[in-house]
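What shape does this take:
(one chain, ligands or ions: 1)
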Amino acid sequence: MAPRAARPHRAGPPDGEPRFEVPPGHRVAGYRVGERIGAGAWGAVYAARRDPPGSGPPGAGPVEVAVKVLHPGRLSPGQRDTMLQLARRELRFSRRADHPHLIRTLAVATLDDPAHPGLAGALALVMERAARSLQDVLADARAPRPVPDAGRILAEVAAGLRHMHTAGWVHGDLKPANVLLMPDGTAKLADFGLTAELDGTHAYAPPLGSPDHVPPEWWSQRTGTHGVALRPSADLWAFGVLAHQLLTGGLHPFLGATARARSLAALAYARGSAPLRLDAALPERWRPLVTACLAADRRQRAEVDLAALLADALGAGAATTVPARTAGRRRRGRRAAVGAALLAGTAALLTLTGAPEPAAPTAPVGAPPPVRDAVRPGAIPRDADVPAALRGPIDDAARRCPETEVTPVLLAAMIKAESGFDPAAARPATGEYGVAMWTPSVFNAWAQDADHDGVKSYLDPDDAIAAMGGYVCWLAQRFKQRGYSAAELPALVTAGYRTSDKTVADAGGVPDRVKPHVTMVLGYLAEYGGSTAAGS
Ligand SMILES: Nc1ncnc2c1ncn2[C@@H]1O[C@H](COP(=O)(O)OP(=O)(O)OP(=O)(O)O)[C@@H](O)[C@H]1O
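Next up is the predicted model:
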């Protein structure tokens, strides 16, 4: 499970929260809790055993189970509400859906033990117990080798998804940690906390999700009173990412050292400014499926016939040969034999909606990036004081961001206020360096080798500005998700860049201490003629 800090949008226990533990031997809904298996953002998962083993009514379910304990203690009321909502969804879904490739939730209980007051009020979900998750499998994988049985696992995951979609549900959080392998190797979908019931063409769920697996449209969605809109096409995108990961031993289809960077790469692809570059190790016969699932346009994804694509990819008793990798990479091959019976069963099971034609990515490989400034203002005026050498990097950084409010003039105004356009600027007292005044440790999370010299350096204007563009873009998305208007964004992202998105959110706007800096940036922005473009 990824550390919380890497998943900023996903609420969890506050920093410094002591590790939450259910003591071994604790009884929950007729099961005795044993060792801890894992932990997620909301609590921990334990192995448990029916106690005594013969207890319970006939057909009471398995003796060995997993108990997920959701800890409400010390969470804010908002977080607690969201958590309860997730637990209720999980139970509601499990009561209505039963399928060999979906983990069953057997019971829900609220812990209340006077001997352990710290556990009071914690919610416990009793589930079928799996042997491991695909996350564990990927942790042991050796990229770019596919994980063992990748084809079969994908077919089973698709069968579970198909069942959900035809029953009118969207999973909403498909990712390796939420695909569990039973002791006999069967794959089952788990974690239905974000699962939502379709109402027409889409459903609503809390605005959570895992950045590495949410589709590009997720980032620009506004949160309404019911949460964000979820569609089956979001599961299709996540399935495409998962397939790429399983078939390449864990490689994500979008490059980046962090989930944020990978999300930005996916967004750049979705807006047509970068082609889809699947890893060279992805077997040729799986490419149509992965490409179709990763269609940038969700309407194209909705038309994907996963059954047909899976049948083609699996091929009856087929051998899957991995193409030679590009220069400097290892050459290797693999064979994946798939039983004809499984294939026949899978093909019969998996008929998703729509036409069989796989969708192509919206940006053809090698297509030039669209010129955003032709449709939206915000280009740096010729006579502005922005040095010629920085104009290209600033334009590129703005162009990579799908948010129209992140314009070249806004970035230029911010850079002028940060460093006066001086690549050698330094403020040792506060530990900020270079043209974009990066704090080195923060830069590392956003670093880009924009000039392709093999080094990511905050002292290199190209790298520093590219990383700044990525961070500013992410800030703009965060503030939009919180419902701020386009007119407010220049001030908010400037304040967020000087402090953090959390500081701005906590202050409910520009914090007092950075107001003079923000006023300076807005002044430069107006000088560059950017106030209209930014909508302020
Ligand atoms: N039914 C289960 N049987 C066995 N192991 C499980 C079961 N459910 C979860 N786990 C393990 O416990 C870990 C934590 O699960 P949990 O659902 O709490 O969080 P997560 O899915 O990893 O992350 P998130 O916070 O995003 O939901 C999983 O990664 C998995 O390894």
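
Quick one: neighbours of the residue of the stretch 201-350 of the chain found nearest the ligand, just the number.
Going by Cβ to the nearest ligand atom, the ligand is nearest to Ser210 of the stretch 201-350 of the chain, at 6.0 Å. All C-beta atoms are positioned from the backbone trio N, CA, C, and that covers glycine. The local packing of Ser210 (other Cβ atoms under 10 Å) involves 22 other residues.

and if you look at Pro253?
When neighbours are defined as other Cβ under 10 Å, Pro253 has 24 of them.

Please apply the same query to Pro100.
Pro100: 12 neighbours (other Cβ under 10 Å).

ok, and the closest non-adjacent residue to it?
With Cβ to Cβ, 6 or more residues apart in numbering as the criterion, Pro100 has its nearest non-adjacent residue at 7.1 Å, and that residue is Thr186.

Please apply the same query to Phe239.
Leaving aside its chain neighbours, Phe239 sits nearest to Cys293 (5.3 Å; criterion: Cβ to Cβ, 6+ apart).

Ok, Pro215 next?
Trp237 (3.7 Å).

so which strand or helix has the one you found?
helix 232-247 (DSSP states H and E).

So that helix, near the ligand or not?
No: using Cβ under 6 Å from any ligand atom, helix 232-247 stays clear of the ligand, with a minimum separation of 12.6 Å.

re the thing from before, which residues does the residue nearest to Pro100 contact?
Pro100, His101, Glu156 (Cβ atoms under 8 Å, 6 or more residues apart in numbering).

Which one of the residues you listed is nearest to the ligand?
The closest of the contacts of Thr186, once distances to the ligand are taken by Cβ to the nearest ligand atom, is His101, at 13.5 Å.

element containing the nearest residue to that closest one once chain neighbours are set aside, please.
Leaving aside its sequence neighbours, His101 sits nearest to Gly160 (Cβ to Cβ, 6+ apart; 3.4 Å). Per DSSP H and E, Gly160 falls inside helix 150-166.

got it, and Arg95?
helix 77-96.

Low-confidence stretches in this structure?
Applying pLDDT under 70 to the chain flags the ranges 1-20, 56-60, 72-87, 89-90, 96, 193-209, 221-229, 316-377, 451-454, 531-536.

three-state assignment of the residue most central in space within it?
Computing the C-alpha centroid of the chain and ranking residues by Cα atoms, centre = their mean puts Pro211 first, at 1.5 Å. Per DSSP: H, G, I helix; E, B strand; the rest coil, the local secondary structure of Pro211 is coil.

same question, Ala476
Criterion first, three-state DSSP; result for Ala476: helix.

Nearest to the ligand: which residue in the protein?
Gly40 (2.1 Å).

Tell me the spacing between that residue and Gln135.
Going from Gly40 to Gln135 by Cβ to Cβ, to the nearest Å gives 11 Å.

Leu411 too?
Distance from Leu411 to Gln135, by Cβ to Cβ: 37 Å.

between those two, who's got more neighbours?
The residue with more neighbours, out of Leu411 and Gln135, is Leu411; 29 against 18, by other Cβ under 10 Å.

Pull the contacting residues for the more buried one.
For Leu411, the contact set (Cβ under 8 Å, 6+ apart) comprises Ile394, Ala397, Ala398, Ile465, Met468, Gly469, Val472.

Tell me the residues on the protein that lie near the ligand, please.
Selection of the chain residues close to the ligand by Cβ under 6 Å from any ligand atom yields 1, 37-42, 45, 66, 68, 103, 127-130, 133, 135-136, 177-178, 180, 190-191, 210.

Nearest to Ala115 among the contacts of Leu411?
Using Cβ to Cβ, Val472 is the member of the contacts of Leu411 that lies nearest Ala115, at 51.6 Å.

Now Leu102, what are its backbone angles?
Per-residue torsions, Leu102: phi -130, psi 130 (degrees, to the nearest 10).

For it, give the beta-bridge partners.
Bridge pairing for Leu102 (DSSP bridges) gives the partners Leu189.

Can you report how many residues lie near it?
The burial count for Leu102: 24, using other Cβ under 10 Å.

cool, and Ala424?
Neighbours of Ala424 under the rule other Cβ under 10 Å: 10.

My understanding was that it contacts Tyr458; is that so?
No: using Cβ atoms under 8 Å, Ala424 is not in contact with Tyr458, being 11.5 Å away.

Now do the shared contacts for the two.
In contact with both Ala424 and Tyr458: Gly434, using Cβ under 8 Å, 6+ apart.

Look up phi and psi at the closest residue to Ala97 other than its chain neighbours.
Leaving aside its sequence neighbours, Ala97 sits nearest to Ala167 (Cβ to Cβ, 6+ apart; 5.8 Å). When quoted as degrees, to the nearest 10, the phi and psi of Ala167 stand at phi -80, psi 0.

I'd say Val493 and Phe479 touch.
Yes: at 6.9 Å, Val493 counts as touching Phe479 under the criterion of Cβ under 8 Å.

These two: who's more crowded?
A count of neighbours by other Cβ under 10 Å puts Val493 above the other of Val493 and Phe479, at 31 against 24.

ok, now which ones touch that one?
Contacts of Val493 (Cβ under 8 Å, 6+ apart): Val406, Leu410, Met414, Val472, Leu475, Ala476, Phe479.

what's the answer for Gly61, then?
Listed by Cβ under 8 Å, 6+ apart, the contact partners of Gly61 are Arg50, Arg104, Leu106, Glu128.

now Asp385
Taking Cβ under 8 Å, 6+ apart, one finds Lys416, Phe421 in contact with Asp385.

Next, it: secondary structure please.
Remark: Asp385 carries the secondary structure label coil [criterion: three-state DSSP].

Need the CA coordinates for the helix or strand containing Gln300. CSV is fine.
Per DSSP H and E, Gln300 falls inside helix 298-302. Output of helix 298-302 as CSV, limited to C-alpha atoms (Å, rounded to 0.1, in the frame of the first residue of the first chain):
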residue,chain,number,x,y,z
ARG,A,298,-14.5,8.1,-22.0
ARG,A,299,-17.2,7.7,-24.6
GLN,A,300,-14.8,5.7,-26.7
ARG,A,301,-14.0,3.6,-23.7
ALA,A,302,-17.7,3.0,-23.1
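
Thanks a lot, see you next time.
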